[in-house]
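**Student:** Sequence unavailable; structure follows:
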């Protein structure tokens, strides 16, 4: 396992060919995924079946021979464990029937019951059982800020107006909630490591909602608290941590901190600039714009080559997309990208 190209990259060791995996690599763009999905009334039911999750995590590995697998789950499992009434509606995405609407909702929250997410830990164990023994498994959670934004808004949104208004009116309550979620994230990720994951990724999917000052106050401060606890704990201290910040209004070099092994870059970031700033300090994962996978084979090959040329001598490079793969992408185009990386 220690010789896996993915884990070597996280240790800043040079690979002849960069390891590759991509966000949302198991999902709706795959016909084999769609076949299984049709057997479930809704997405959340599927996420709560450990054997199905393991099977879905294995699908892109079998099809593409990738260098890492990621747990098949959802970032909203923690808010769901707080009984906020999570449901996934076809064509609409996640919705909470019982979102955080006032400070009293936060004050009366029950303490986090880790056992409510036992289906996730069983999914880790099932996935490890069927994955090739030399293939690392990535566990994950949403960042405390991202989970708070979803919980307050009541689901996804274009502008998160309710969340921004709540933040303006009740900053103390938001911080109280962020503390609660940070503790839950720590317990959740620790249990994933105990069950067998080899690396952790934190998704700050709504970093772009915040001004530079608010990004520090409401997001990065709590992400740092989370990673500090992970590094101080005997179980998780040696587990590499990857952070994905979606288009933050702050330079990546000003965001990074010592507990991280790797930064996963959104496609809007300049990988050339970031790699120049942090070479020898952190690994980099990224950052092809997924929309290029809708283009011709030649365009895909050219765009992959641009990134490969920039990162050729960078110790600790993992090829990935700069966001999750979208349902409208054909698997054949994904193979074109992978072949371009490896040749």
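**Tutor:** Cool, got the structure. Everything numeric in this text was worked out from a predicted model, so none of it was measured.
**Student:** Now do the strands in the protein.
**Tutor:** 69-70, 86-89, 93-96, 137-142, 199-204, 241-245, 262-265, 283-288, 317-321 (DSSP state E).
**Student:** Export the ones you listed as a markdown table, with columns for mean neighbour count, mean pLDDT and distance to residue 311.
**Tutor:** Placement of C-beta: from N, CA and C, glycine included. Formatted as a markdown table, these follow (neighbours: other CB atoms under 10 Å; pLDDT from 0 to 100; distance: least, CB to CB, whole Å):
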| stretch | mean neighbour count | mean pLDDT | distance to residue 311 |
| --- | --- | --- | --- |
| strand 69-70 | 25 | 98 | 21 |
| strand 86-89 | 16 | 87 | 36 |
| strand 93-96 | 17 | 90 | 33 |
| strand 137-142 | 22 | 98 | 20 |
| strand 199-204 | 23 | 98 | 19 |
| strand 241-245 | 24 | 98 | 16 |
| strand 262-265 | 24 | 98 | 11 |
| strand 283-288 | 26 | 96 | 7 |
| strand 317-321 | 26 | 98 | 4 |
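**Student:** Counting by contacts, list what the one helix or strand in the chain whose mean pLDDT sits lowest packs against.
**Tutor:** Within the chain, confidence by mean pLDDT, DSSP states H and E is lowest for strand 86-89 among all helices and strands, at a mean of 87. Contact here means 3 or more CB pairs under 8 Å, 6 or more residues apart in numbering; DSSP states H and E; on that basis strand 86-89 packs against helix 43-47, strand 93-96.
**Student:** Need the contact partners of the shortest one.
**Tutor:** Right, strand 93-96. 74, 76, 79, 84-89, 150-151, 154-156 (CB atoms under 8 Å, 6 or more residues apart in numbering).
**Student:** ok, of those, which come out buried?
**Tutor:** 74, 76, 79, 84, 86, 88, 150, 151, 154, 155 (16 or more other CB atoms under 10 Å).
**Student:** Between those residues, which sits nearest residue 101?
**Tutor:** residue 154 (8.2 Å; CB to CB).
**Student:** Show me the helices in the stretch 151-300 of the chain, by range?
**Tutor:** 161-169, 171-195, 212-214, 221-232, 252-255, 271-278, 297-311 (DSSP state H, counting those that start in this stretch).
**Student:** out of the ones you listed, nearest to residue 139?
**Tutor:** helix 171-195 (3.6 Å).
**Student:** hang on, the earlier thing: let's have the helices of the stretch 151-300 of the chain in CSV, adding mean pLDDT and mean neighbour count.
**Tutor:** Shown next, in CSV, are the helices of the stretch 151-300 of the chain (pLDDT from 0 to 100; neighbours: other CB atoms under 10 Å):
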stretch, mean pLDDT, mean neighbour count
helix 161-169, 96, 16
helix 171-195, 98, 20
helix 212-214, 97, 13
helix 221-232, 98, 18
helix 252-255, 95, 17
helix 271-278, 96, 17
helix 297-311, 97, 16
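**Student:** how about CSV for those, with distance to residue 130 added?
**Tutor:** Supplementary listing: the helices of the stretch 151-300 of the chain in CSV, determined by distance: least, CB to CB, whole Å:
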stretch, distance to residue 130
helix 161-169, 39
helix 171-195, 14
helix 212-214, 43
helix 221-232, 26
helix 252-255, 36
helix 271-278, 34
helix 297-311, 30
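**Student:** Of all these, which one is nearest residue 321?
**Tutor:** Using CB to CB, these put helix 297-311 closest to residue 321, at 10.6 Å.
**Student:** what's the angle from the closest one to strand 317-321?
**Tutor:** 150 degrees (axes from the mean of the first three to the mean of the last three CA atoms, to 10 degrees).
**Student:** From the centroid of this protein, which residue is nearest?
**Tutor:** residue 203 (4.1 Å; CA atoms, centre = their mean).
**Student:** That one pairs with what?
**Tutor:** residue 142, residue 244 (DSSP bridges).
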